[in-house]
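>>> predicted structure and sequence below. I'll ask about it afterward.
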There are 2 protein chains.
Amino acid sequence: MADSADSAGVTPRVVLADDQAVVREGLVTLLGLLPGVEVVGAAADGVQALELVAEHQPDVLLVDLRMPNRDGVETTEMVRAQHPKTEVVVLTTYADDDSLLAALKAGARGFLTKDADADAIVRALRSAAAGQSTVDGALQQRLVAAATSRSPVRTKELEGLTAREVEVLRLIAAGLSNTEIARTLVVSEATVKTHVNHLFSKAGLRDRAQAVAFAYRAGIAE
Amino acid sequence: MADSADSAGVTPRVVLADDQAVVREGLVTLLGLLPGVEVVGAAADGVQALELVAEHQPDVLLVDLRMPNRDGVETTEMVRAQHPKTEVVVLTTYADDDSLLAALKAGARGFLTKDADADAIVRALRSAAAGQSTVDGALQQRLVAAATSRSPVRTKELEGLTAREVEVLRLIAAGLSNTEIARTLVVSEATVKTHVNHLFSKAGLRDRAQAVAFAYRAGIAE
DNA sequence: TCCTGGTGGGGGAAATGTCCGAGCACCTCC
DNA sequence: GGAGGTGCTCGGACATTTCCCCCACCAGGA
């Protein structure tokens, strides 16, 4: 028990991928010295990385974002798709918002900058192997900032509307005409008009253009 | 060096906060047995948690979200504001999107569900002490999904449209009628109609409802 | 029973969408 | 300098759709 906590779980088998020989060899040496991880392969580009993953079936792939022959994001996507048991941790010098989001969206379980120390890397690798995601603090804050600027269905705006009216609103926002809405809901066009009018008067809307904008702001249309 | 990697960094001093005595005592016992962390205090509510943090100045506060006398989110905010050297890791049974975002926004460096094992908790505490953020894999995916659903003006969709047409589109999306657009742009309504028609045929739109949706998706309306 | 929500209809005013044609300003190319 | 293209500006006429205001019926729940 104490042992398991000391090593913080099973020692993950890791494949590295970085096009810069100095960084790659440095990581191999550094991580090879540590008991927390086991390096089973090192690739110089994305293509080679995928081959090594296929060959060794590692627990984690530690990959650089900028690489020749398929970059880190693409490699991450392919690894996650073809070898779902292999988690991916991204290690990069360039920590801009786009690459962070792209990498995590592609399925990366971690995102480290190259100023991370050996302990941080080992922790991230172990966490990834266990299905946890580790992101450098400052980057995580950016991620949260990006996430909280979203609008996840403002039920407040919708209150007062009946379920049917919300449904009609959704279809209006999708660009359907009254006739099409009638067909979709299998009711007469007159009924649709009634719902639309109730909707407008309740929400203070004048026409369907405003209704579409309202629906988008309320978060029921994307 | 090997030693530092084995412990994955300095052993963090931790204060716990959970209103359920069973969980609290269980965590104290469990984490107390492990060499990776040092538990220096245990609180039963948010007020007491802040007091213990002030008293012990721990590296990390491990806090439950649902607590009497100030909940986890509020506690996180106050700890981060008053004791910036103390990081916060949230441990909760209820992992809905709202609480996740609220906690991370409040400054939490980690977010774990209570099905996490001891290893996962220890890793998260150590990472937090080092400024890294650890989030359960599935939750991180939701976070990323929320973050990537942003729309930063897709110029691609807009290409082919003239500046005037984009301007008209923006006004349509704002809910203005043709008459109002004419007044706003100080042109005749006939001119507006011309722009609108060009806009529709270029973008493959049928009516202004679709145009509003198009504008929102293109990111020129919020 | 009353009220709410969903369904249906009619008719008229208003706005929207569609098709023409046309003048003007600006630019580039020859 | 002229020719041609593009963008912005207007106008008319017309069909379609939307919007608005009435009305009514029925089912289910407070």
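Sure, I can see it.
>>> now do the longest helix seen in chain A, average pLDDT.
Across chain A, the longest stretch assigned as helix under DSSP state H is helix A:189-203. Regarding helix A:189-203, the rounded mean pLDDT is 89.
>>> are it and DNA strand C in contact anywhere?
Yes. Using CB under 7 Å from any atom of the strand, helix A:189-203 comes into contact with DNA strand C via A:189-191, A:193-195. The way it works is simple: take the backbone N, C-alpha and C, and place the C-beta from them, glycine included.
>>> by contact count, what packs against that helix?
With contacts taken as 3 or more CB pairs under 8 Å, 6 or more residues apart in numbering or on different chains; DSSP states H and E, helix A:189-203 sits against helix A:163-173, helix A:178-185, helix A:208-218.
>>> relative to helix A:163-173, how tilted is it?
For helix A:189-203 against helix A:163-173, the angle by axes from the mean of the first three to the mean of the last three CA atoms, to 10 degrees is 100 degrees.
>>> report the distance from helix A:189-203 to the chain centre.
Centroid displacement of helix A:189-203 relative to its chain, using CA atoms, centre = their mean, to the nearest Å, is 39 Å.
>>> where are the low-confidence patches of chain A?
For chain A, the stretches with pLDDT under 70 are A:1-9, A:95, A:97, A:149-157.
>>> can you give me the helices for it?
Under DSSP H, chain A gives helices at A:2-6, A:21-33, A:46-56, A:72-82, A:97-105, A:118-129, A:137-148, A:155-158, A:163-173, A:178-185, A:189-203, A:208-218.
>>> how distant is the fourth one from the center of its chain?
So that's helix A:72-82. On the basis of CA atoms, centre = their mean, helix A:72-82 sits 13 Å off its chain's mean C-alpha point.
>>> then the fifth one?
Helix A:97-105 sits 7 Å away from the centroid of its parent chain (CA atoms, centre = their mean).
>>> and for stretch A:56-76?
Chain-centre distance of stretch A:56-76: 16 Å, with CA atoms, centre = their mean.
>>> what is the end-to-end distance of that stretch?
16 Å (CA to CA, to the nearest Å).
>>> now do the buried residues in it.
For stretch A:56-76, a neighbour-count test (16 or more other CB atoms under 10 Å in any protein chain shown) marks A:58-65, A:67, A:70-73, A:75-76 as buried.
>>> biggest separation within the residues you listed, which pair?
Maximum pairwise distance among those (CB to CB): 22.3 Å, between A:Asp59 and A:Asp71.
>>> on that earlier part again, between the longest helix of chain A and helix A:208-218, how many degrees?
Going by the same axes, to 10 degrees, helix A:189-203 makes 60 degrees with helix A:208-218.
>>> return the set of buried residues in helix A:189-203.
A:191-192, A:195-196, A:199-200, A:203.
>>> that helix and DNA strand D in contact?
Yes. Applying CB under 7 Å from any atom of the strand, one finds that helix A:189-203 is in contact with DNA strand D at A:193-194, A:196-197, A:200-201.
>>> just these now: which is nearest A:Gly175?
Nearest member of the residues of helix A:189-203 next to DNA strand D to A:Gly175, counting by CB to CB, is A:Val196, at 14.2 Å.
>>> list the contacts for the closest one?
By CB atoms under 8 Å, 6 or more residues apart in numbering or on different chains, A:Val196 lies in contact with A:168, A:172, A:178, A:208, A:211.
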